[in-house]
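> One predicted model, sequence on top.
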Amino acid sequence: DAGVIQSPRHEVTEMGQEVTLRCKPISGHNSLFWYRQTMMRGLELLIYFNNNVPIDDSGMPEDRFSAKMPNASFSTLKIQPSEPRDSAVYFCASSFGRQLATNEKLFFGSGTQLSVL
Amino acid sequence: AQSVTQPDIHITVSEGASLELRCNYSYGATPYLFWYVQSPGQGLQLLLKYFSGDTLVQGIKGFEAEFKRSQSSFNLRKPSVHWSDAAEYFCAVGARYSSASKIIFGSGTRLSIRP
């Protein structure tokens, strides 16, 4: 298995532009997580899905952020409009987890380094 | 809600020396506990996890961790570090009895290896 695949690896954009990050989870995994990593705040959970349904989006910073999972093999995280403070590494992770299971191993992608100028 | 603290931001040890990275958690019961490692430019990889039973757990790459309920700690250890162990290490906590099924990560400890 290729693991969790994220694209792009790097994204540089100007303030106000729309940014879309993509994730393909490991086949057969039914939970998907989006994390954001910054020096100041560490690794923060933004949202997670179970069986393509958003379960908890309380970590999404504001309405500029949205996430979708149209099917079991694809998810997007969109920022519109983007701001410099959104600059961070965004990780997608998946697990073969039941809903509400917090004992599952997470498999992380390599991340997307986002720079908003 | 659970929380996790990694008090050391950056640690430097000599190659071949022993290592201990500290992790303290806050939770009303025994949580699920994890250690992940992140190499530069990469995602996180699970080193080991504790759910129940033997409080000393073995992981990959020669790492082990010991759960100490009395100290609310889950410190990561390795008897002899290698240069390839230089990375960022994250302790994580999962709630055992909660409808909030989040895994919370600590702020990380960056490990540097002195030749």
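Received the coordinates, thanks. Here the structure is a predicted model, which is why all the values come from computation and not from measurement. Numbers count the residues shown, from 1 in each chain, chains lettered A, B, ... in the order given.
> so where's the chain uncertain?
Went with chain A since none was named. A:1, A:98-103 (pLDDT under 70).
> Chain B is the one I meant
For chain B (pLDDT under 70), the answer is B:96-101.
> How about the residues of it by chain A?
B:32, B:36, B:41-46, B:49, B:51, B:90, B:94-96, B:98-108 (CB under 8 Å from any CB of the partner chain). All C-beta atoms are positioned from the backbone trio N, CA, C, and that covers glycine.
> Take the residues you listed and keep only those in strands.
Judged by DSSP state E, strands contain the following of the residues of chain B next to chain A: B:32, B:36, B:44-46, B:49, B:90, B:94, B:103-105.
> From these, pick the one nearest A:Phe108.
Nearest to A:Phe108 among these: B:Leu44, at 4.5 Å, using CB to CB.
> Look at the residue lying closest to B:Leu56 once chain neighbours are set aside and give its secondary structure.
What sits nearest to B:Leu56 in space, not counting adjacent residues and going by CB to CB, 6 or more residues apart in numbering or on different chains, is B:Glu66, at 5.0 Å. What DSSP: H, G, I helix; E, B strand; the rest coil gives for B:Glu66 is strand.
> tell me the contacts of B:Glu66?
Contacts for B:Glu66 were tallied using CB atoms under 8 Å, 6 or more residues apart in numbering or on different chains; they are B:55-57, B:73-75, B:77.
> which of these lies closest to B:Ala1?
Sorting the contacts of B:Glu66 by how near they are to B:Ala1, with CB to CB, puts B:Phe74 at the top with 17.5 Å.
> mind listing what that closest one touches?
B:23-25, B:33, B:35, B:50, B:65-68, B:91.
> Check A:His29 too.
Shown in contact with A:His29 (CB under 8 Å, 6+ apart): A:94-97, A:107.
> One more: A:Ile26?
With CB under 8 Å, 6+ apart, A:Ile26 has these contacts: A:1, A:3-4, A:94, A:107.
> ok, of those, which one's closest to chain B?
The closest of the contacts of A:Ile26 to chain B turns out to be A:Val4 (CB to the nearest CB; 7.2 Å).
> Report how many residues lie close to the residue nearest to that closest one when sequence neighbours are not counted.
The shortest distance from A:Val4 to any non-neighbouring residue, by CB to CB, 6+ apart, is to A:Gly109 (3.8 Å). By other CB atoms under 10 Å in any protein chain shown, the residues close to A:Gly109 number 25.
> nearest spatial neighbour of A:Ser73, skipping sequence neighbours?
Of all residues not flanking A:Ser73 in the chain, A:Lys24 sits nearest, at 5.8 Å (CB to CB, 6+ apart).
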